[in-house]
Each structure stands twice: as C-alpha cells, then as structure tokens.
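Asker: Sharing a model that was predicted from the sequence below.
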Amino acid sequence: MRELSLHILDIVQNSLEAGATHITIEIDEDLVEDRLTIRVTDNGRGMDAETLRRVTDPFFTTRKTRKVGLGLPLLKAAAEQCGGRLTIQSAPGQGTTVTAEFQHSHIDR
C-alpha cells in the first residue's frame, strides 16, 4: 500500500507542477469485479497528443532538471503486473485524468 500512496503523491505533484488548482483523488475498491481503481483528476494545463503519447516512456520528461520521468511508467508497470492497466486522458487547457486499475486479489497489489 505504501508504494501505491507514493504513486498517488507523484501524480499529485505532477498536477501541481501543471498549474492545477483543483485535484480530485478517487479510490474505488470493487470486490465483486475484483478491481481496485485509483483515479486522479486535475484542472491543470493538460497535455497535447504528442506528450500524452510519450508520457509513459521512462526516458521522456518535460522537466528541465532531470532526463528521466519514472512516475507514470512505474505506475503503468505496477498496474500491468497486477492484472490491470493505466489510462490517461488529457487535452491542452482541459486538465488530466490518470486512472490506474489493479486486480484486487493479485498477490502483488
């Protein structure tokens, strides 16, 4: 659970750096569907299609102080290793929604 909380913290930090003034964190535990869903939505500046396409590449970052961006790629890997997936919806000027889904019963969740 600590690892998941660090992923959430990283996404929120990204939201703040994107100028978000409103951030929503939703966590849904659905035992019937065997699914744990974490969703972070913000009203930041959003991402263009090219950035959105590359954002889960660990060697891509928009930051000037470092050459890698590991937050979203690591969350994507964690979700996929636990039978889930990561989806990101974003558009310039419309904010971003990051949704990570995990198989609830997976041993590594």
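Answerer: Received, thanks.
Asker: And for the closest residue to residue 54 other than its chain neighbours, the neighbour number?
Answerer: Excluding the flanking residues, the one nearest residue 54 by C-beta to C-beta, 6 or more residues apart in numbering is residue 60, at 4.4 Å. Heads up, the C-betas are built off the backbone N, CA and C, glycines and all. Around residue 60 there are 16 other residues, counting by other C-beta atoms under 10 Å.
Asker: any idea how far residue 60 lies from residue 42?
Answerer: 19 Å (C-beta to C-beta, to the nearest Å).
Asker: How about residue 22?
Answerer: 7 Å.
Asker: out of these two, which sits in the busier spot?
Answerer: Comparing residue 22 with residue 42 by neighbour count (other C-beta under 10 Å), the higher total belongs to residue 42, at 24 against 10.
Asker: does that one really touch residue 94, like I thought?
Answerer: No. Checked against C-beta atoms under 8 Å, the pair residue 42 and residue 94 is beyond contact range at 10.2 Å.
Asker: looking at this, residue 19 is in a strand?
Answerer: No. The assignment for residue 19 is coil, going by DSSP: H, G, I helix; E, B strand; the rest coil, so no strand is present there.
Asker: burial measure for it, as a count.
Answerer: Quick note: residue 19 (other C-beta under 10 Å) scores 12 neighbours.
Asker: Could you measure from it over to residue 39?
Answerer: Here the criterion is C-beta to C-beta. By it, residue 19 lies 20 Å from residue 39.
Asker: Could you do residue 99 as well?
Answerer: 5 Å.
Asker: for residue 91, same thing?
Answerer: Distance from residue 91 to residue 39, by C-beta to C-beta: 17 Å.
Asker: Between those two, which has more neighbouring residues?
Answerer: More crowded of residue 91 and residue 39, by other C-beta under 10 Å: residue 39, with 16 against 13.
Asker: What does the residue nearest the centre of the chain show for phi and psi?
Answerer: The centroid of the chain falls nearest to residue 98 when counting by C-alpha atoms, centre = their mean (4.2 Å). Here is the backbone geometry of residue 98 (degrees, to the nearest 10): phi -110, psi 120.
Asker: Dig out what it forms beta bridges with.
Answerer: When bridges are called by DSSP bridges, residue 98 pairs up with residue 40, residue 88.
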